[in-house]
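Asks: the following comprises the amino acid sequence and a computationally predicted model.
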Amino acid sequence: MLTKKDVNAEEERLRGLIRQLSDIERKAFYEAVRREVKDPDTYAVLNWFFICGLHHFYLGKWWRGAINLTGFCLAILLMGLGMANIGVVVLVLILTIELGALFRAQIIVQAWNNAIYRHRLAQLGVQVI
């Protein structure tokens, strides 16, 4: 499980490596990651308003998003077919699982962005351990 302490420490380590890049490399690095880094607030809003899994798609986690969306659609279908109890149970299950992601949105997205930074630094030939 991701901890705020570990994610912050990794971010600081990566920032140190980025500071060691030349001005030209640093500019290229930030231009490359600008399109890939994600905003924790957008992730949280997608989770809060759309429990159907759109926040997973936002981070590129297509399978998890598809599973979440399928479960959500199944719950709605069950409620529409008169099996409201089962549909509500499925919705509550999804909500319970996704509530953790909502409260940890900052850490989840920060870890995602750290992974983007690691990948881009490695592409520049920087030793990232």
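Replies: Cool, got the structure.

Asks: which residues in the protein form helices?
Replies: Along the chain, counting by DSSP state H, helices occupy 4-19, 23-34, 40-49, 54-58, 62-80, 84-103, 105-123.

Asks: hey, which of those is tucked in deepest?
Replies: Most buried of those by mean neighbour count (mean count of other Cβ atoms under 10 Å) is helix 54-58; its value is a mean of 21. Bear in mind the C-beta positions are built from the backbone N, C-alpha and C, glycine included.

Asks: got the CA coordinates for that helix in CSV?
Replies: Written as CSV, here are the backbone C-alpha positions of helix 54-58 (Å, rounded to 0.1, in the frame of the first residue of the first chain):
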residue,chain,number,x,y,z
LEU,A,54,-14.0,7.2,-15.0
HIS,A,55,-11.2,8.1,-12.7
HIS,A,56,-9.5,4.8,-13.6
PHE,A,57,-9.7,5.7,-17.3
TYR,A,58,-8.2,9.1,-16.5
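
Asks: chain center to that helix, what's the gap?
Replies: 7 Å (Cα atoms, centre = their mean, to the nearest Å).

Asks: I'd like to know which elements that helix is packed against.
Replies: helix 40-49, helix 62-80 (3 or more Cβ pairs under 8 Å, 6 or more residues apart in numbering; DSSP states H and E).

Asks: make CSV out of those helices and add mean pLDDT.
Replies: Listed next are the helices and strands packed on helix 54-58 as CSV, based on pLDDT from 0 to 100:
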stretch, mean pLDDT
helix 40-49, 84
helix 62-80, 90
